[in-house]
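In: just to be clear, the model below is a prediction. Sequence and coordinates:
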Amino acid sequence: MAIGCGHPPGARLRNPADFAALRREGKRFATRHFRTEYRLTQAAEARLGMAVSRRVSKRAVVRNRIRRIVRETFRLRRAELPGCDVLLIAQTSAAVLSGGELRSDLEAIWQRLAALKPAPDGPTMPLAT
């Protein structure tokens, strides 16, 4: 694996206090196969937490496949997201989806979160002098 291409520790929600703050202060929305909780922060980059329980699938290989796809799509879209903490909670329907269907559902989540990123300051085109 090339340096900088993985899912670094700084991109993960790990601290129980972070999860508690997210659950307490966060906003929520859902897609067909994931519930999403997010909280905008002052951090420069987004952080990801996942919940893929045994209720989703009794088979660890299925749960791990969902986690890998979530991490990969997050890694690809992380630079476009605002500074926020995100918790993705997989629904039972996610277990039977193909990789493409999972990626499509996750893409809708990342697009919705990317829309929260504030516009850059100043004009978008240089002013004519």
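Out: Here it is on my side, so go on.
In: between the two ends of stretch 11-20, how far is it?
Out: One end of stretch 11-20 to the other measures 17 Å (CA to CA, to the nearest Å).
In: tally up the residues packed near Arg28, please.
Out: Under the neighbour criterion other CB atoms under 10 Å, Arg28 is assigned a count of 11. For glycine as for every other residue, the C-beta is placed from the backbone atoms N, C-alpha and C.
In: part of a strand, is it?
Out: Yes: secondary structure assignment (DSSP: H, G, I helix; E, B strand; the rest coil) places Arg28 inside a strand.
In: ok, now how distant is it from Arg35?
Out: Separation of Arg28 from Arg35 (CB to CB, to the nearest Å) stands at 7 Å.
In: same question for Arg103.
Out: Taking CB to CB as the measure, Arg103 falls 18 Å from Arg35.
In: and Leu102, by the same measure?
Out: Look at Leu102 and Arg35: by CB to CB, they are 15 Å apart.
In: how about Gly26?
Out: To Arg35, Gly26 is 11 Å away according to CB to CB.
In: could you do Ala94 as well?
Out: With the distance defined as CB to CB, Ala94 ends up 11 Å from Arg35.
In: list the buried residues of stretch 24-42.
Out: Applying a neighbour-count criterion of 16 or more other CB atoms under 10 Å, the buried positions in stretch 24-42 are 26, 31, 33-34, 36-41.
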